[in-house]
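Visitor: Predicted model and sequence follow; I will ask about them next.
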Amino acid sequence: GQGIEFDYCCVHASLAMKEEGYETIMINCNPETVSTDYDTSDRLYFEPITSEDVLSICDLEKPEGVIVQYGGQTPLKLARELERNGVPIWGTSPDSIDLAEDRGRFQKFLKKLNLLQPPNGLATNLKEALKVSSQVGFPLVVRPSYVLGGRAMEVVYNEQDLKDYLKDAVQASEKSPVLLDSFLNQAVEFDVEAVTDGKEVVIGGILQHIEQAGIHSGDSACSLPPFNLSKNLIKEIHNMVKAIAFEIGAIGLINVQLALYKNKLYLLEVNPRASRTIPFVSKAIGKSLAKVGAKCMSGISLKDQNFQKELIPDFFSVKEAVLPFSRFPGVDPILGPEMKSTGEVMGIGRTFSEAFEKAQFSVGEKIPKSGCLFLSVRASDQEFVADLAREFYELGFSIVATQGTAESISKEKIPVKIVKKVAEGSPHIVDLMKNGQVNLVVNTTEGRQSIIDSASIRRTALEEKIYCTTTIDGGRAVSLVLRNKENWTVERIQDLHKS
């Protein structure tokens, strides 16, 4: 019942089971998938993914095992019901799946393993939400419980934003509480894919997000291998993921999302299932993790599959999201916790900057080599903006900025010209952009009103085909491409992993 990423996993599971001599049965209700092709499985049931329909098929077929890990959230929700009715679930048990989904049980699990998590709370009404916000502090990532694709997720920066969110976006209740997590500003996020047979855990890949935490993982560009991590941090990530997989009792695939904030690793999420980056990682490392995971679920060990070591490719792969903003006139092309992408591309290179530039080119974005850079950043990014400005100034760019940002830059003796915001009257920044006087835009913003006020800048960049990034880290990645001197070569990465 899911899209391309999970369809890939289901097809590879079917192929893997056929290799082992099993007869395979596919249940899917989506006609736009390869898994519903007549030759993918031995039998196809084109039925809704509901407990009633799946149980009817199981009564008829009496399968030796059922895999629920590979279809995203939809089949996971059926796992308990299937198990209660005597259906043999292969891989991670429904109880372990519930442990990762249930907030209360997950908190105890974190305590047991002594892991850090961003401060958080649950609220079923506005009064409770305000109480949690006073304990946790702003900014907060707020979202309804059990959502797909980050639907209705938002970062709120003050009480008024929180009240507006609860009034406009969701209706909190006992049955569907709202989750409130502390937002780790300027944290670096990682997705770690791993596969386990219950006895061993092998890391499939560590993906380093290029945009900082707060951008949905489906919209964030990411690099495999990571492009600037220390040996110790890589080791810490390995140890943490292995401990989590063993404690949960995972068998098959597991996805762990982490954030590095002020030199400490925080656990954001554990998904004991296939994630949307499995096809990308599999292509980058040259090994189908979905196949390996499916065989683990059928009882074949990692040792018997001759897959006991992380594969480090001798090149960088960068995944970039394909975003549909140009097709929707008037839509603000800002990235946030709610997923907007409609596809993805892959750039490959001997260095991170080469791979990143190819990924940008593939989504139709051309990074300018010279010209004028416009900088306008939110309050929480002001301390980082001067360093970014210096990078581009040294690369030969002239710099224009709004008043507050310009003050942060000029304090560091970097030449900068002040330009008016749109609300301050002409000639303002949008006039400059339309006149072809701006070649590159780095615009970060926070808070509902500020996002609305600055939307015309991002929209103009889209319409005028000016390269625009809405994160500081996106700006840093662009400067790396232009310098093309960074020393994160494949040889250095492999040396880091040897230990």
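Guide: Sure thing, it's come through.
Visitor: Please make it C-alpha for all contacts and neighbour counts, starting now.
Guide: OK.
Visitor: Quick one: the helices in the stretch 1-150 of the chain, in order.
Guide: 4-19, 51-61, 73-76, 79-84, 94-101, 103-113, 126-136 (DSSP state H, counting those that start in this stretch).
Visitor: Contacts for the fourth one, please.
Guide: When you say that, I think you mean helix 79-84. 51, 55, 68, 88-89, 94-95 (Cα atoms under 8 Å, 6 or more residues apart in numbering).
Visitor: please redo it, this time with the cut-off set to 6 Å
Guide: The contact list for helix 79-84, computed with Cα atoms under 6 Å, 6 or more residues apart in numbering, reads residue 94.
Visitor: what mean pLDDT does that helix have?
Guide: Mean pLDDT, helix 79-84: 94.
Visitor: In that helix, which residues are buried?
Guide: 79-80, 82 (16 or more other Cα atoms under 10 Å).
Visitor: so where's the protein shaky on pLDDT?
Guide: 1-3, 145-151, 169-175, 485-499 (pLDDT under 70).
Visitor: Next, the buried residues of the helix or strand hosting residue 389.
Guide: Per DSSP states H and E: residue 389 is located in helix 382-394. Residues 382, 385-386, 388-393 are the ones in helix 382-394 that count as buried (16+ other Cα under 10 Å).
Visitor: ok, those residues vs residue 482, which is closest?
Guide: residue 392 (8.9 Å; Cα to Cα).
Visitor: With adjacent residues omitted, what lies nearest to residue 96?
Guide: Once flanking residues are discounted, residue 96 sits nearest to residue 248: 5.7 Å by Cα to Cα, 6 or more residues apart in numbering.
Visitor: actually residue 254, not the one I wrote
Guide: Nearest one to residue 254, counting by Cα to Cα, 6+ apart, is residue 272 at 4.4 Å.
Visitor: Pull the number of nearby residues for the one you found.
Guide: 30 (other Cα atoms under 10 Å).
Visitor: swap in residue 111?
Guide: Residue 111: 11 neighbours (other Cα under 10 Å).
Visitor: Against residue 92, how distant is it?
Guide: 21 Å (Cα to Cα, to the nearest Å).
Visitor: same thing with residue 420?
Guide: From residue 420 to residue 92 the distance is 56 Å (Cα to Cα).
Visitor: the more surrounded of these two?
Guide: Comparing residue 420 with residue 92 by other Cα under 10 Å, the one with more neighbours is residue 92, at 25 against 18.
Visitor: which other residues reach stretch 108-118?
Guide: 182, 266-267.
Visitor: Mind checking which of those are in strands?
Guide: 182, 266-267 (DSSP state E).
Visitor: The host helix or strand of residue 256 - contacts with which helices or strands?
Guide: In the assignment (DSSP H and E), residue 256 maps to strand 252-261. Judged by 3 or more Cα pairs under 6 Å, 6 or more residues apart in numbering; DSSP states H and E, the packing partners of strand 252-261 are strand 188-196, strand 264-271, helix 289-297.
Visitor: I'd like the distance from the closest residue to residue 159 other than its chain neighbours to residue 468, if you could.
Guide: The shortest distance from residue 159 to any non-neighbouring residue, by Cα to Cα, 6+ apart, is to residue 130 (7.3 Å). Residue 130 sits 35 Å away from residue 468, taking Cα to Cα as the criterion.
Visitor: neighbour count winner among those two?
Guide: Neighbour count, other Cα under 10 Å: between residue 130 and residue 468, residue 468 has more, with 25 against 16.
Visitor: Cheers, nothing more for now.
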